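*Asks:* Sharing a sequence plus its predicted fold:
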Amino acid sequence: MPYYRSVGEVPRKRHTQFRQPDGSLYAEELMGQEGFSSDSSLLYHRYLPTAIVAADEYTPPAWSRTPNLPLKPRHLRTHKLDGAGADPILGRQHLLANDDVRISYVVADRPSPLYRNAVGDECLYVESGAARIESAFGVLGVTAGDYVVIPTSVVYRIVPVAPDPLRLLAIEASGHIGPPKRYLSVRGQFLEHSPYCERDVRGPEAPLLVEETDVEVYVQHRRGWTRHVYANHPFDVVGWDGHLYPWAFSIHDFEPITGRVHQPPPVHQTFQGPNFVICSFVPRKVDYHPLAIPVPYNHHNVDSDEMLFYTGGNYEARRGSGIEQGSISLHPAGFTHGPQPGAPERAIGAESFDELAVMVDTFRPLDLCAPALSCEDTGYAWTWAGRTRTSG
Ligand SMILES: [Fe+2]
């Protein structure tokens, strides 16, 4: 997590008596990672965070994975998935997945139920709209361009607040997501060469106290889904402190690293997860060597599948390929990819690119899910050759 934070009331010493106005003890909850050997937060509840009154198995919307066969670069038009309204958690449509990460897309127009992802951290990217992320830690307001990291097992809900629908790209990990280690000091401070730092990170600022009884929480865990009913609302925390909490960071605060010749994708890295990285491509001055070719060279990152979500501006290297706002390209390991024909010549002399994209590079192959196939532009694989082919 980015850094220590303290919100609301906490006693001077941890694990000591801290009493409510009626004289009873607040209930402590220590939430920590890696068996008490990594980051944690200590929360003070009005009611017992252990008090459940019901537990029922829950069957989530069905989804499945199919290998990328035949192996092809893919182009998914996520805006073709727009349909009836959905909530931003249970309405997620899975697109790409492996055992390390699941990537989904949702257009949401209503609040989600309370939800706990006990499988791993989530990184949500807001393509458009705005929302309140509510949790026991407080409220986090998010808007277009924000990344939000929700640590494993935080109970939260998403409440869209804008008149426009909330469009989210959800990246769900099977482990923890955080800033790249190379940008952090041994004590966790962002270093000078990091493209973002503590001042760019936002967290909850005040307790969110909700009084309610018999509250449902949908729990996704490693063996399935369960619906718990808590005796009291989990958002009953008067104060907390620690390094573990939902936090947000705007892609517009990512400071691009540029050079005289083309810089490789690691300069865009924003987060790391288990067996994947997340990168941000933002508007920037481009390569300024007198003979520079500003678009990428053809490349083959032989250990990664590369997913790119196009979320704003014009992506110069993909011009002529049908890529549009909300498009996702998948360039898998086993296939060399590069700019569309003509893009290198066209880009020569350009001084800046106005592009906004989120990339997820996975170190194991991504499978395709049914919604991905339903919005696929099947001609994409042949666009470099300039021929049309619709089968295979
Ligand atoms: Fe690439």
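*Replies:* Alright, I've got the coordinates. Given the structure is predicted, the values throughout are model-derived calculations rather than measurements.

*Asks:* low-confidence ranges in the chain?
*Replies:* By pLDDT under 70, the weakly predicted segments of the chain are 1-2, 316-317, 388-392.

*Asks:* Spit out the contact partners of the residue at minimal distance from the centre of it.
*Replies:* The geometric centre of the chain, computed from its C-alpha atoms, lies nearest to residue 123 (Cα atoms, centre = their mean), at 2.2 Å. Contact analysis of residue 123 by Cβ atoms under 8 Å, 6 or more residues apart in numbering lists 147, 148, 149, 150, 170, 171, 173, 177, 271, 273, 278. Heads up, the C-betas are built off the backbone N, CA and C, glycines and all.

*Asks:* What of residue 97?
*Replies:* By Cβ under 8 Å, 6+ apart, the contact set of residue 97 is 65, 103, 366, 367, 369.

*Asks:* can you redo those residues as TSV with neighbour count and secondary structure?
*Replies:* Compiled in TSV, those are given as follows (neighbours: other Cβ atoms under 10 Å; DSSP: H, G, I helix; E, B strand; the rest coil):
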residue	neighbour count	secondary structure
65	17	strand
103	25	strand
366	28	coil
367	20	strand
369	20	strand
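
*Asks:* from those residues, which is closest to residue 255?
*Replies:* The nearest member of these to residue 255, counting by Cβ to Cβ, is residue 103 at 25.5 Å.

*Asks:* who's in contact with that closest one?
*Replies:* With contact set as Cβ under 8 Å, 6+ apart, residue 103 has these partners: 94, 95, 96, 97, 169, 170, 171, 172, 307, 360, 366.

*Asks:* Distance of it relative to residue 139?
*Replies:* Note on residue 103: its distance to residue 139, by Cβ to Cβ, to the nearest Å, is 26 Å.

*Asks:* got it, and residue 180?
*Replies:* As it turns out, when the distance is counted by Cβ to Cβ, residue 180 lies 28 Å from residue 139.

*Asks:* same check, this time on residue 73
*Replies:* Relative to residue 139, and taking Cβ to Cβ, residue 73 is found at 41 Å.

*Asks:* Between these two, which has more neighbouring residues?
*Replies:* residue 73 (19 against 16; other Cβ atoms under 10 Å).

*Asks:* so the more buried one makes contact with residue 332?
*Replies:* Yes: between residue 73 and residue 332 there is a contact under Cβ atoms under 8 Å: 7.0 Å.

*Asks:* Could you give me the buried positions within the helix or strand containing residue 95?
*Replies:* If you go by DSSP states H and E, residue 95 is part of strand 93-97. Buried residues in strand 93-97, counting neighbours by 16 or more other Cβ atoms under 10 Å, are found at 93, 94, 95, 96, 97.

*Asks:* Tell me which strands it pairs with, and in which orientation.
*Replies:* strand 101-108 (antiparallel), strand 367-369 (antiparallel) (DSSP bridges).
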